[in-house]
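Quick one: sequence plus predicted model below, questions after.
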Amino acid sequence: MKRRLTLEELALWEHVTAAIAPRRKRAAAKPVASPVAAKAGLVPTAKRKTVAVKTDPKIEPKTGFAPAPDPFAAPRLDGKRAQQFLKGQIEIDGRIDLHGLTLDLAHKALAGFLMQARCRGHRMVLVVTGKGAGPKGGNAGALKRLVPMWLSGPPFETLLAGLATAQPRHGGEGALYLYLRRKRAQPV
């Protein structure tokens with residue numbers, strides 16, 4: 001029995017295949033009705049009536065999902081603070097290393113870490129994902145690709161003001177700087 005792909009896997013597949021173009025166009029083949037389909041009363045796709053459906057311009061018609069936001073878009077910070085953030089000049093309040101964790105465990109650990117960091121009032125945190133699969137393999141390469149995708153979706157999107165690749169002294173391409181939004185006081 002085949003399992004269904006998760007939303008994350010579908011989004012990753014769409015991201016990977018978006019830039020792929022077919023090698024050549026094939027001539028459209030005429031549908032052939034099989035004896036089994038004829039008995040079942042199925043109509044070949046060429047003879048079916050099509051119904052026009054209004055589409056939302058924000059949703060890609062190919063997948064039915066809204067396009068994934070770019071996690072590395074410009075940080076929502078003031079000019080000087082944004083430059084300090086991108087250069088890694090802001091003091092790091094907390095860090096988490098996701099090496100050696102399964103994808104499910106890494107997602108849960110990241111969620112818990114970010115919730116605790118925000119509750120503690122931390123603004124700048126470092127997430128170490130690893131640079132890629134080493135000689136022994138592992139999830140480092142998958143984490144490097146998936147963590148930014150996770151951070152652009154719920155529940156993380158409301159916590160972050162910025163996301164950037166770390167400077168070499170903090171792990172380079174194998175780590176991410178996260179700038180957390182300020183925790184707002186709740187009205188009484």
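Noted; the coordinates are in hand.

Worst mean pLDDT across the helices and strands of this structure, which element?
helix 35-40 (a mean of 53; mean pLDDT, DSSP states H and E).

pLDDT weak spots in this protein?
Within the chain, the stretches with pLDDT under 70 are 1, 22-78, 133-140, 185-188.

repeat that for 50
48, 53 (pLDDT under 50).

Please enumerate the helices of the chain.
With DSSP state H, the ranges of helices along the chain come out as 7-17, 35-40, 79-87, 103-119, 140-151.

Pretty sure G141 is one of the things L103 touches, is it not?
No: counting by CB atoms under 8 Å, L103 stays clear of G141, with 11.3 Å between them. In this view, the C-beta of every residue, glycine as well, is placed from N, C-alpha and C.

what sits against K144?
129-132, 173-174 (CB atoms under 8 Å, 6 or more residues apart in numbering).

Highest neighbour count among those?
T129 (27 neighbours; other CB atoms under 10 Å).

From the structure, what's the count of residues near the spatially closest residue to that one that is not a sequence neighbour?
Nearest non-adjacent residue to T129, counting by CB to CB, 6 or more residues apart in numbering: L143, 4.2 Å away. Look at L143: counted by other CB under 10 Å, it has 25 neighbours.

Burial check on V125, number of neighbours?
Count around V125 with other CB under 10 Å applied: 21.

what does L114 give?
Residues near L114, counting by other CB under 10 Å: 22.

Quick check: it touching T158?
No: using CB under 8 Å, L114 is not in contact with T158, being 10.5 Å away.

about what we covered before: now the helices of the chain in TSV, with distance to L178?
Shown next, in TSV, are the helices of the chain (distance: least, CB to CB, whole Å):
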stretch	distance to L178
helix 7-17	19
helix 35-40	54
helix 79-87	10
helix 103-119	7
helix 140-151	7
